[in-house]
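*Asks:* My questions are about this predicted structure, shown below with the sequence.
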Number of protein chains: 2
Amino acid sequence: MANKDTGKKKISESTIRRLSLYYRALSLLEKENYETIASKELAKREKLTPAQVRKDLSFFGSFGTRGLGYPVTELKHRIAKILGIDRIWNIAMVGVGNIGSALVSYKEFQRQGFSIKLIFDNDQRKIGSNHKGLIVSDIKDMPRLLREHNIQMVVLAVPAIVAQYIIDDVVAAGIKAILNFAPINLQVPDDVYLRNENMSMELEYLSFVISNHYKPKN
Amino acid sequence: MANKDTGKKKISESTIRRLSLYYRALSLLEKENYETIASKELAKREKLTPAQVRKDLSFFGSFGTRGLGYPVTELKHRIAKILGIDRIWNIAMVGVGNIGSALVSYKEFQRQGFSIKLIFDNDQRKIGSNHKGLIVSDIKDMPRLLREHNIQMVVLAVPAIVAQYIIDDVVAAGIKAILNFAPINLQVPDDVYLRNENMSMELEYLSFVISNHYKPKN
DNA sequence: TACTTATTGTGAAACAATTCACATACTCTG
DNA sequence: CAGAGTATGTGAATTGTTTCACAATAAGTA
């Protein structure tokens, strides 16, 4: 009864996001030379409940040993496979402003298997310049280059005002996954997954928490 | 009673985050000279249901007029007040690496009332340098400067390896809200709200979505 | 004023996520 | 190799969130 993409999905987004947490925790545990880990300890490290850890994992199979726990290295690989990070993803960065160029230099992406292969901008002064060994390409060549370099994901870090115009091109080039940093609601077809990252919203949430002495439950 | 706020009903994190969306939508509607907006239209713009919009708002009061909708400008101000963004927040940026310096230049923060007042680093080569009109201070002076400049929130953009050490100082300086970009689980006391922002996790989620032909529900 | 239309505000219903609790099954020790 | 101990895997119970559906009520109209 494993989940596969046959029809219905019963896996929640929260479960997937926790898988990322488990993956990071397991990488650390591996370095600490743990061979096995109990749900209790894994939960403690991620501030979750043991039942939640077990339930999350159980959606994808039965990875543990009763009385002992989960094998650290194996579970790490299994989760990598589930998340689809047991490979290298080719990324393009569109927009080389503050955020874009920071992310190009962000070593964590490379470390996690997300390899930025192309950078685009529409500013003539930026086109041709070098960022961490990559030459900024003209956004006009984007459709062709995205295909030629077998890019699977795009990070969009352009001004809000041009974001829709540019994302249309990205979609037209066949990209199915986009991480957008422009603080605007963009339209994409149903079969394209667009995730919005809005840093002001994060600060607004902090603002609410301290203004209202609100105690989030996690 | 986990939540304080004088015995009010429990508000979910999702509701708060949607409040940010409504706020942004209302700002736009105001520019488009709308005077009132129905939950139906507001929902459409944010890809939510009208019932959800009304329910979210109803947690905080009764802001609309039956038969007409919500008054755009007034609702915007009410939400700003609820979120605590009807004011300027003084922020300090700790760490002037890629992410840190990008965020210092990120105009959206300023625009939303989050004003970066101080920047810190521990690298002698960076201390004293100028970033967007701000001089990078020595992290050694952080406890004193945070208090002197009445800083209320800290954005942490330092390497994971030193993050715990630095956040301890931030907490000791009396800061109650921290946005952390280091991909590591930090420990803070109960009365400090720490929010983690992990960009690799966002890409991992994209990876899962396209690897499994997963259809998120929103 | 009375009538029509529109849209809110909100209990109740439906749905979703988390936690509980325990049978099951494995390890470890002597 | 048996008994003690431990921790998984998972239905059931609980808790949380979203959607439904409709009474209430304001605006607009004549």
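*Replies:* Cool, got the structure. Residues are numbered from 1 along each chain as shown, chains lettered A, B, ... in the order given.
*Asks:* going forward, measure contacts and count neighbours with C-alpha atoms only.
*Replies:* OK.
*Asks:* how close does the residue located most distally from the centre of chain A get to DNA strand C?
*Replies:* Of all residues in chain A, residue A:67 has its C-alpha farthest from the mean position, at 33.8 Å, by C-alpha atoms, centre = their mean. As judged by C-alpha to the nearest atom of the strand, to the nearest Å, residue A:67 and DNA strand C stand 4 Å apart.
*Asks:* part of a helix, is that residue?
*Replies:* No: secondary structure of residue A:67 (DSSP: H, G, I helix; E, B strand; the rest coil): coil, not part of a helix.
*Asks:* quick one: what helix or strand has the most centrally placed residue in chain A in it?
*Replies:* For chain A, the residue sitting closest to the mean C-alpha position, by C-alpha atoms, centre = their mean, is residue A:179 at 8.0 Å. Using DSSP states H and E, residue A:179 sits in strand A:177-180.
*Asks:* circling back: quick one, grab the pLDDT at the residue farthest from the centre of chain A.
*Replies:* The predicted structure scores residue A:67 at 96 on the pLDDT scale.
*Asks:* again with the one 3 residues further on
*Replies:* Per-residue confidence for residue A:70 comes out at a pLDDT of 98.
*Asks:* what about the helix of greatest length in chain A, distance to the chain center?
*Replies:* Criterion DSSP state H: the longest helix present in chain A is helix A:13-31. With C-alpha atoms, centre = their mean, to the nearest Å as the basis, helix A:13-31 stands 13 Å off its chain's centre.
*Asks:* what's in contact with that helix?
*Replies:* Residues outside helix A:13-31 that contact it (C-alpha atoms under 8 Å, 6 or more residues apart in numbering or on different chains) are A:42, A:45-46, A:56, A:72-73, A:75-76, A:79-80, A:83, B:201, B:204-205, B:208, B:216.
*Asks:* can you check stretch A:151-159 too?
*Replies:* Residues contacting stretch A:151-159 (C-alpha under 8 Å, 6+ apart): A:89-97, A:99-100, A:117, A:163, A:167, A:170, A:175-182.
*Asks:* Mind doing that once more with 6 Å?
*Replies:* Stretch A:151-159 has contacts (C-alpha atoms under 6 Å, 6 or more residues apart in numbering or on different chains) with A:90-95, A:100, A:175, A:177-181.
*Asks:* Tell me how chain A divides into domains.
*Replies:* Structurally, chain A divides into domains by automatic domain parsing as follows: A:13-83, A:89-201.
*Asks:* Most tightly packed of those domains?
*Replies:* domain A:89-201 (a mean of 18; mean count of other C-alpha atoms under 10 Å in any protein chain shown).
*Asks:* what distance separates the start and the end of it?
*Replies:* 28 Å (C-alpha to C-alpha, to the nearest Å).
*Asks:* residues in chain A within reach of chain B, list them.
*Replies:* Taking C-alpha under 6 Å from any C-alpha of the partner chain as the criterion, chain A approaches chain B at residues A:83-84, A:98-99, A:102, A:109, A:200, A:207-208, A:211, A:215.
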